[in-house]
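Trainee: Generate a structure from the sequence data that follows.
(chains A and B)
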Amino acid sequence: MINTDFRKRVDKALHDEFFRGAVKRTTEKLRNGRINQNKTLVDVQEWRSRANALRSHTVQNLDKYLDEFSTKLEENGSKVYWAMTDKEAVEQINTICAQKLAKSVVKSKSMVSEEIHLNHFLEKNNIEVIETDLGEYIIQLAQQTPSHIIVPAIHHTRGSVAELFSKVGDEQLPAETPALTAFARKVLRQKFIDAEIGITGCNFAIAETGSVVLFTNEGNGRMVNSLPDTHIVIMGMERILPSFSDLDTTLALLPRSATGQKITSYLSILNGPKKQQEADGAKEMHVIIVDNGRSRILGSKYQEVLNCIRCGSCLNVCPVYRQIGGHAYGWVYPGPIGAVITPLLDGLDRWGELPYASSLCAACSDACPVRIPLHELLLELRKDKVKLGNNTKEKLAFGAYSVAFSSPTKYKLIKKVGRKIQIPFVKNGKIRGGLPAPISEWTRTRDLPTLANKSFHERFEEIQRGE
Amino acid sequence: MLYPQAVESTYNVLKKLDVTVDFPKDQICCGQPSFNAGYVDEAARVARKLIQAFENTEYIICPSGSCTAMIRDNYPTLFKDDPKTLAKAKELGNKLYEFSEFLVKVLKVKNLGAKYKAKVTYHHSCHMSRLLGIKDAPIELIKNIEGIEYIELPNNQDCCGFGGTFSVKMADISSAMLEEKIANVKSTGADILLGSDLSCLMNISGGLSREGSPIQTMHVAELLDRGLPK
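Mentor: A predicted model of the protein is given here:
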């Protein structure tokens, strides 16, 4: 059975024409951008294979590389924390905030911070949190969650942004991009200066050098990690790359896959807090390495999903995401990658409908820069869901199917009976309704063909007899 | 069972090309509906019967991209713990060709000398184009029919919304996908939508028929068969 909350979310999305139009336009732009920029790599398939080998090797040896990374970080003067759960992660951050008597925190974009519900937690403790990525800032003001991994405010327009900003600024702003960005810049600049702590995510963590690598396009990430005295990095434990030279592969693929850019606008590589002779940077750097269910995936048949570099390209090609957008998926990560990792990180029993929110068209696997076989993993989750065994009706139906469709005599009988049963429902050679679920689900929007009077099995016998 | 004409046309086209065609009567289904819904044991039972039915065949021609992909890609997974069936499944996979693939790759025929006057477009079904990597073969066959005007379908990489049980489990999403596919089909101005997968065609034709559209849907083999000199 499909969870009713999921149905409600899908229903809401499907009835929001404005939202669907925005999602279609933006994902199409991103998908074409990726395809066009990939052409500049000469042989993108070779790059994908290399990225797959690199990520698979890293995830396979994650314990070793995490150890190397954390040792290097400490040598370079950062503090390292290990958080098994979302709760542990937010508590560690809260403790740092308390030590620094922080009243104000600025953040740059981080999906793992969404996963641990960081903003909610800090705000509850009377700490002001400001998202400084423009898209994230917009959805923070709108009290929403991201609906896309890369373009969190994909569902907003100039008009809706002008409305939100006008409220904050207590002035009437025009729905024009230059005026709106100028406003955000003005507000955020002061926030950067006032904040005691800056929190960023981490696109890649290099084990060899203990470096935290950030890809951003607005420059806000650099302000977050250099203006406040304290910089906290939150990272999923699988963000690792073994050596500095490995960055080459992801540097080529991540911006291309995410936004169709050859290179990211700002690339920050942070090796630790500011040294005495240095002019810029935070005085303290704290790195929170978050597990939150990831180690359960290690060593399982789903391990490859940890290869993900969070580019969002699977969202941009997914025909399901295209129709329903990100919020319908219900958790932090939407699209095909979300349909795979949400049940893995937060429980298949709670998110059992997500593996079925796919037509298994494999567009995701085809687009993935690190070649995660997403549609195959969705299929594995379906197998696991079936093993949970809470859909007796469906189990019986497929049991009957397997009996009838593995026996020529029973199959013949089914056809014969079927042709009789369908008679009252056939109108002008089609079935338009009147049959029970699940067929009624089909006939709500589509006609169904009738069983042919003569199957090719029967026709072939005639052909052989020379008829 | 639903579209015997497509199979008969496949038979006719092959005969025309001097292929000796048999139709093993014990064949039923590849098991894909069950496999893709997560019911593996049920799929294996159906698949075993199919493997058995084709044990003595030289080449197997399948007028369906997704059934071909099921047998080639998924049978090895399905029987990974059953070495005896696994060997037979792999052998079956090696002998198996999708219809247009067999014509273009094995028989090396791209032009059948068929004539048919119509404006057509083609739906690239997902498993055929992405899992089997067959995109050009059906198009070449279509374009070589004399009198055919071929119009490319916009956004043809997108799924039509069928997806097996997806079409009834997530009927609303499936229908939204279909709605977009139909709008794209109509924008081409084609009289006929061609395809290589009857399940996708069943979905698209179901939607077209519901809105009373005159656009016909048919398998590539059917159009070739219609155009062949009798």
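Trainee: Pop the domain breakdown of chain B in here.
Mentor: B:4-103, B:110-227 (automatic domain parsing).
Trainee: In contact with the residue of the stretch 1-150 of chain A found nearest chain B: list those residues for me.
Mentor: Nearest to chain B in the stretch 1-150 of chain A, going by C-beta to the nearest C-beta, is residue A:14, at a distance of 5.7 Å. Every C-beta, even on glycine, is put in place using the N, C-alpha and C of the backbone. By C-beta atoms under 8 Å, 6 or more residues apart in numbering or on different chains, the contact list for residue A:14 reads A:20, A:323-324, B:172-173, B:176.
Trainee: Out of the domains of chain B, which gets nearest to residue A:154?
Mentor: domain B:110-227 (17.4 Å; C-beta to C-beta).
Trainee: Could I get the average pLDDT for that closest one?
Mentor: Averaging pLDDT along domain B:110-227 gives 98.
Trainee: Tell me which of the domains of chain B lies nearest to residue A:427.
Mentor: domain B:110-227 (11.1 Å).
Trainee: what's the spacing between that closest one and its chain's center?
Mentor: The chain centroid and the centroid of domain B:110-227 are separated by 10 Å under C-alpha atoms, centre = their mean, to the nearest Å.
Trainee: what about it, start to end distance?
Mentor: 14 Å (C-alpha to C-alpha, to the nearest Å).
Trainee: Which residues does stretch B:155-165 contact?
Mentor: A:317, A:319, A:322, A:356, A:358-361, A:363, A:438, B:32-33, B:36-37, B:122-126, B:129, B:167, B:173-178, B:180-181, B:184, B:199-200, B:202-204.
Trainee: Next, the buried residues of that stretch.
Mentor: B:157-165 (16 or more other C-beta atoms under 10 Å in any protein chain shown).
Trainee: Report the closest residue of chain B relative to chain A.
Mentor: residue B:163 (2.7 Å).
Trainee: Is that residue part of a helix or strand, or is it coil?
Mentor: With DSSP: H, G, I helix; E, B strand; the rest coil as the basis, residue B:163 sits in coil.
Trainee: What is the burial count for the closest residue to residue A:61 other than its chain neighbours?
Mentor: Residue nearest to residue A:61 in three dimensions, not counting chain neighbours: residue A:242, with 7.9 Å by C-beta to C-beta, 6 or more residues apart in numbering or on different chains. Using other C-beta atoms under 10 Å in any protein chain shown, residue A:242 has 17 neighbouring residues.
Trainee: Quick check, residue A:242 in contact with residue A:208.
Mentor: Yes: using C-beta atoms under 8 Å, residue A:242 is in contact with residue A:208, at 6.4 Å.
Trainee: Longest helix in chain B, by number of residues?
Mentor: helix B:171-187 (DSSP state H).
Trainee: per-residue pLDDT, the spatially closest residue to residue A:324 that is not a sequence neighbour?
Mentor: Spatial nearest neighbour of residue A:324, excluding adjacent residues (C-beta to C-beta, 6+ apart): residue A:13 at 4.3 Å. With respect to pLDDT, residue A:13 scores 96.
Trainee: Determine the number of other residues adjacent to residue 110.
Mentor: Picking chain A for this. 24.
Trainee: meant chain B actually
Mentor: When neighbours are defined as other C-beta under 10 Å, residue B:110 has 14 of them.
Trainee: With the one 5 residues further on instead?
Mentor: Per other C-beta under 10 Å, the neighbour tally for residue B:115 reads 13.
Trainee: Just say helix, strand or coil for residue A:113.
Mentor: Going by three-state DSSP: residue A:113 is helix.
Trainee: And the residue nearest to it when sequence neighbours are not counted, its phi and psi?
Mentor: Among residues not flanking residue A:113 along the chain, residue A:234 sits closest, at 5.5 Å (C-beta to C-beta, 6+ apart). Torsion angles at residue A:234 (phi, psi; degrees, to the nearest 10) stand at phi -110, psi 130.
Trainee: Pretty sure residue A:110 is one of the things residue A:234 touches, is it not?
Mentor: Yes: the criterion here is C-beta under 8 Å, and residue A:234 meets it with residue A:110 at 5.8 Å.
Trainee: what's the overlap in contacts for those two?
Mentor: Here residue A:234 and residue A:110 have A:199-202 as joint contacts, going by C-beta under 8 Å, 6+ apart.
Trainee: Keep only those of the residues you listed that are in strands.
Mentor: Per DSSP state E, strands hold the following members of those: A:199-200.
Trainee: returning to what we had before: for the residue nearest to residue A:324, which residues are in contact?
Mentor: Applying C-beta under 8 Å, 6+ apart, the residues near residue A:13 are A:19-20, A:323-325, A:327-328.
Trainee: Kindly recompute the last result at 7 Å.
Mentor: A:19, A:324-325, A:327-328 (C-beta atoms under 7 Å, 6 or more residues apart in numbering or on different chains).
Trainee: Kindly indicate which of these lies nearest residue A:119.
Mentor: For the contacts of residue A:13, the nearest to residue A:119 is residue A:327 (16.9 Å; C-beta to C-beta).
Trainee: Could you find the closest non-adjacent residue to the closest one?
Mentor: Using C-beta to C-beta, 6+ apart, the nearest residue to residue A:327 is residue A:147, at 5.1 Å.
Trainee: give me phi/psi at that neighbour?
Mentor: phi -110, psi 0.
Trainee: So residue A:82 belongs to a strand, correct?
Mentor: Yes: judged by three-state DSSP, residue A:82 forms part of a strand.
Trainee: Quick one, grab the pLDDT at it.
Mentor: 98.
Trainee: go on, residue A:1?
Mentor: On pLDDT, residue A:1 comes in at 43.
Trainee: before we move on, what about residue A:162?
Mentor: 96.
Trainee: Now do the host helix or strand of it: which elements does it pack against?
Mentor: According to DSSP states H and E, residue A:162 maps onto helix A:158-169. Applying 3 or more C-beta pairs under 7 Å, 6 or more residues apart in numbering or on different chains; DSSP states H and E, we find helix A:158-169 packed against helix A:134-141, helix A:177-194.
Trainee: Just the closest residue of chain A to chain B, please.
Mentor: Among the residues of chain A, residue A:359 lies closest to chain B, at 2.7 Å counting by C-beta to the nearest C-beta.
Trainee: Excluding chain neighbours, give the residue nearest to that residue in space.
Mentor: residue B:163 (2.7 Å).
Trainee: show me where chain B has strands.
Mentor: B:60-62, B:96-98, B:115-122, B:146-150, B:192-195, B:216-219.
Trainee: in its sheet, what does the fourth one sit against?
Mentor: Translated: strand B:146-150. In the sheet, strand B:146-150 lines up against strand B:115-122 (parallel) (DSSP bridges).
Trainee: Measure how buried the closest residue to residue B:14 other than its chain neighbours is and give me the count.
Mentor: Nearest residue to residue B:14, sequence neighbours excluded (C-beta to C-beta, 6+ apart): residue B:21, at 5.0 Å. By other C-beta under 10 Å, the residues close to residue B:21 number 15.
Trainee: Identify the residues contacting residue B:21.
Mentor: Here residue B:21 is in contact with B:11, B:14-15 (C-beta under 7 Å, 6+ apart).
Trainee: I'd like to know how far it sits from residue A:464.
Mentor: 11 Å (C-beta to C-beta, to the nearest Å).
Trainee: Residue 37 - how many residues pack around it?
Mentor: No chain was given, so I picked chain A. Neighbour tally, residue A:37, other C-beta under 10 Å: 20.
Trainee: Please refer instead to chain B.
Mentor: Residue B:37 has 25 nearby residues by other C-beta under 10 Å.
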